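Asks: Dropping the sequence and predicted coords here.
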Amino acid sequence: MTLLSLEGVSKRFGGVQAVNEVSFRVPRGSIKALIGPNGAGKTTLFNIIFGVFPADSGAVTFEGVPVQGLHPFQIAARGMARTFQHIRLFPKMSALENVMVGRHIHTRAGFIAGMLSLPFSRKEERAAREKCLDIMEFLGIGDLAGADATSLAYGQQRIVELGRALACEPRLLLLDEPAAGLNMRETADMAKLISRIRERGITVLLVEHDMSLVMSISDEIIVLSYGQKIADDRPLAIQKNQEVIRVYLGEDNAAD
Amino acid sequence: MTSRSLSVLAFAGVIVTIQLVTKATGSEYHLTQLTMTAYYSLLTIGLCMLVGYAGQISIGHAGFFAIGGYVAAYLTTHDFSAQSGSVPLSLLSALGVLVKRPDLYGGDLLTFHPWAAFVTALALTIIVAYLVGGPVLKLKGHYLAMATLGFGIIVYRIVLGTTALGAADGITNVPGFAVVPGIEVSGKTSLRVVNYYTAWGIVAVSMVLLMNLQHSRVGRALASIHGAEDAADAMGIPTASYKLKIFVLSAVFASVAGILLTHYNAGIGPSEASVMKSVRYVAIVAIGGMANLWGVLCMSLLLNYLSLRGYLGSFDDAVFGAILILIMLFAPEGFLRRQIIGDIKGFLSRRSGEREAS
């Protein structure tokens, strides 16, 4: 069953066709990866899905409902969450507070309730705190709850950002280069985490450069080159795909 | 007991101590400036939430202070007797909005009840804040600073150029405001102590409300907008709407401050709307530590009091300008932050470490 589908999505920036007529489907419960050389249009595609900017043409459908034209905060409320290629944690807030921002769409207290500290808002606050501590425990960063988020080690910041996205309880999680800047051990840990997140029933769409991560956890891989989709297949088939090898390694290697 | 209630208790202790000291030393006249300081502080803690916490600069909040003060002053001093026969006026009279009170010369004035003027002034502030905030909050950084500065200048020129608002003289003879029976906001010497406690009581309640807000879902959303607006957006926070709401809330604080201080001073003049006042408020928020409500309150108490007592002399505005320059140069994130204590400790231990090494 399809959770997210793109039909003929195109986006042009000035003279550059960043994304050209891209279509694909993300089946519910799967881990799907989006790979391609630098400038292939992966992050652009992510930003289109999340409503950061609109596509020039084409359709994005989430859970059977068209979502193009919505703002990111509306997309989040529909059940998608994301992380960023360059970590975007909130400074001067603890790791727990960062994760608790992810509970925003599942809580209600507004300005008046917050100022008066009404019983329902205090109750909601306690529930959010417990839920987020659970999530941090699940991710193995429970002991970092009180730490200042932006002074944590880089790898830990990536996991806090992941926790913040999970706190949204998304049905689709978009990860933009979750292993960027991580060492081999941290990358392997990240791969395990992503698999465990999928086991919780969350569908994952990720952009990644690290082939070991992509090949080990993905059910399906889409390869983009210069804004075009050149392959969409299972990892083993992608590894044998002549077009993909040509794009990644150059003409000569493909001929061998 | 939570740290929040402890800090409020400590604050109440300071306020009571100051009053007792002035009583013991026979210098109760200080309470007048301290009461005025309380109302200015109401504005600065509201501005602290907007500038320090949500990260949206405004150099136009004296404008909202003036809107509150001038509307309250006009409605409680303008004599509506001439129009008393008209339909809208009789309707207002029937609602109890208009009241008769004796004027200085023994005649009768038909003016707005202070509570009716209060509500009207606040409603107008909220409307103006929505109309101004909606478009200008799409701007960031210097552009937002300039746009809010422009708003402040417009309000200043309007109050200065409108004869009905007293032009350069402002509005005088504003009556006291009996907030509840027994508590009248007015400058009468006999009510000095009551007014001192009323004003600081309002500040204390406001501090509690704003601290609660900081530690709530909305507070986290505001801080996240300050920290990384795109990430806040991706977490489902409607950033434009939150920025507008905190802008309106801070305008309400400024307006309430303007209304109450106008009743206390029995008048208001155009200098209250001037750009230098807005700069002063931003300087106080900066030296208070930007997002540090208690720091801003302490600095507001100290600096407003010194200024009102005339200790800053004719360099009054220059002092606040200098504060702003120094803060931007040496502590752009604000002076009284928690981190500053750590910085000082770090500096001292580094110094002593160097000494041991040498």
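Replies: Ah, there it is.
Asks: Can you pull the poorly scored residue ranges out of the stretch 51-200 of chain B?
Replies: For the stretch 51-200 of chain B, applying pLDDT under 70 flags no range at all.
Asks: Can you name the residues of the stretch 101-250 of chain A that neighbour chain B?
Replies: Taking CB under 8 Å from any CB of the partner chain as the criterion, the stretch 101-250 of chain A approaches chain B at residues A:101-105, A:107-111, A:113-117, A:121, A:124-125, A:128, A:164, A:168. Any C-beta I mention is one placed from the backbone N, CA and C, and that applies to glycine too.
Asks: repeat that with 6 Å
Replies: For the stretch 101-250 of chain A, the residues in contact with chain B (CB under 6 Å from any CB of the partner chain) are A:101-102, A:104-105, A:107, A:109, A:111, A:114-115, A:117.
Asks: Highest neighbour count among these?
Replies: residue A:101 (28 neighbours; other CB atoms under 10 Å in any protein chain shown).
Asks: pLDDT score assigned to it?
Replies: Residue A:101 carries a pLDDT value of 98.
Asks: So it sits against residue B:220, correct?
Replies: Yes - using CB atoms under 6 Å, residue A:101 is in contact with residue B:220, at 5.3 Å.
Asks: if we can go back for a sec, would you point out the most distant pair within the residues of the stretch 101-250 of chain A next to chain B?
Replies: The distance between the two most remote of these (CB to CB) is 22.8 Å, for A:102 and A:115.
Asks: OK, contacts around residue A:105?
Replies: A:76-77, B:236 (CB atoms under 6 Å, 6 or more residues apart in numbering or on different chains).
Asks: now with 10 Å?
Replies: A:73, A:76-79, A:81, A:167-170, B:235-237 (CB atoms under 10 Å, 6 or more residues apart in numbering or on different chains).
Asks: try residue A:76
Replies: A:50-51, A:70, A:82, A:102, A:104-105, A:165, A:168, A:170, B:233-238.
Asks: Those in strands, which ones?
Replies: residue A:82 (DSSP state E).
Asks: Name the member of the contacts of residue A:76 with the shortest distance to residue B:313.
Replies: Distances from residue B:313 to these, taken by CB to CB, are shortest for residue B:237, at 46.4 Å.
Asks: pLDDT score assigned to the residue nearest to the closest one when sequence neighbours are not counted?
Replies: Beyond its immediate neighbours in the sequence, the residue positioned closest to residue B:237 (CB to CB, 6 or more residues apart in numbering or on different chains) is residue B:221, lying 4.8 Å away. With respect to pLDDT, residue B:221 has a value of 98.
Asks: burial measure for residue B:221, as a count.
Replies: Neighbour tally, residue B:221, other CB under 10 Å: 24.
Asks: Now that it has come up, it's in contact with residue A:102, right?
Replies: No - counting by CB atoms under 10 Å, residue B:221 stays clear of residue A:102, with 11.3 Å between them.
Asks: Enumerate the residues of the stretch 1-150 of chain B near chain A.
Replies: residue B:4 (CB under 10 Å from any CB of the partner chain).
Asks: ok, the residue nearest to residue B:237 to residue B:239 distance?
Replies: According to CB to CB, to the nearest Å, residue B:221 stands 8 Å off from residue B:239.
Asks: contacting residues around residue B:175?
Replies: So residue B:175 contacts B:73, B:76-77, B:99, B:101, B:103, B:109, B:111, B:113-114, B:117, B:184-186, B:263, B:266 (CB under 10 Å, 6+ apart).
Asks: let's see 8 Å
Replies: Listed by CB atoms under 8 Å, 6 or more residues apart in numbering or on different chains, the contact partners of residue B:175 are B:76-77, B:101, B:111, B:114, B:186, B:263, B:266.
Asks: From these, pick the one nearest residue B:282.
Replies: Among those, and counting by CB to CB, the member closest to residue B:282 is residue B:263, at 25.5 Å.
Asks: and residue A:61, backbone torsions?
Replies: Main-chain dihedrals, residue A:61, degrees, to the nearest 10: phi -120, psi 130.
Asks: That one pairs with what?
Replies: residue A:5, residue A:66 (DSSP bridges).
Asks: before we move on, the earlier item: I'd like to know which of the contacts of residue A:76 is nearest to residue B:49.
Replies: residue B:237 (16.2 Å).
Asks: Could you give the number of residues near that closest one?
Replies: 25.
Asks: Chain B: strands as residue ranges?
Replies: So, for chain B - with DSSP E - the strands run B:98-102, B:108-112, B:171-172, B:177-180, B:183-185, B:267-268.
Asks: Separate out the buried members of the contacts of residue B:175.
Replies: B:76-77, B:111, B:114, B:186, B:263, B:266 (16 or more other CB atoms under 10 Å in any protein chain shown).
Asks: farthest pair in those?
Replies: So, the buried ones among the contacts of residue B:175 by CB to CB: farthest apart are B:111 and B:186, at 15.1 Å.
Asks: Start and end of stretch A:22-39, how far apart?
Replies: 15 Å (CA to CA, to the nearest Å).
Asks: Pull out the buried residues from that stretch.
Replies: Buried-residue list, stretch A:22-39, by 16+ other CB under 10 Å: A:22, A:24-26, A:31-36.
Asks: Now residue A:18: phi and psi?
Replies: phi -70, psi -40.
Asks: Would you mind listing the residues in contact with it?
Replies: A:11-12, A:41, A:44, A:227 are the contacts of residue A:18 under CB under 8 Å, 6+ apart.
Asks: distance of residue A:88 from residue B:229?
Replies: 9 Å.
Asks: Could you do residue B:215 as well?
Replies: Counting by CB to CB - residue B:215 and residue B:229 are separated by 21 Å.
Asks: cool, and residue B:301?
Replies: For residue B:301, the distance to residue B:229 - CB to CB - is 33 Å.
Asks: of the two, who's got more company?
Replies: Taking other CB under 10 Å, residue B:301 and residue B:229 do not tie; residue B:301 has more neighbours (24 against 17).
Asks: Contacts only, for that one.
Replies: B:34, B:37, B:41.
Asks: residue ranges with poor pLDDT in chain A?
Replies: Those would be A:251-256, if you go by pLDDT under 70 across chain A.
Asks: Mind listing what's buried along stretch A:83-92?
Replies: Buried residues in stretch A:83-92 (16+ other CB under 10 Å): A:83-84, A:87-90, A:92.
Asks: what separates the residue in the stretch 1-150 of chain B positioned nearest to chain A from residue A:228, distance-wise?
Replies: Of all residues in the stretch 1-150 of chain B, residue B:4 sits closest to chain A, at 9.5 Å by CB to the nearest CB. Residue B:4 is 57 Å from residue A:228, where distance means CB to CB.
Asks: Report how many residues lie close to the nearest residue to residue A:67 once chain neighbours are set aside.
Replies: Using CB to CB, 6+ apart and skipping the chain neighbours, the partner closest in space to residue A:67 is residue A:60 (5.4 Å). Look at residue A:60: counted by other CB under 10 Å, it has 23 neighbours.
Asks: if I pick residue A:60, what's in contact with it?
Replies: Counting by CB under 8 Å, 6+ apart, residue A:60 has contacts A:4-6, A:9, A:48-49, A:66-68.
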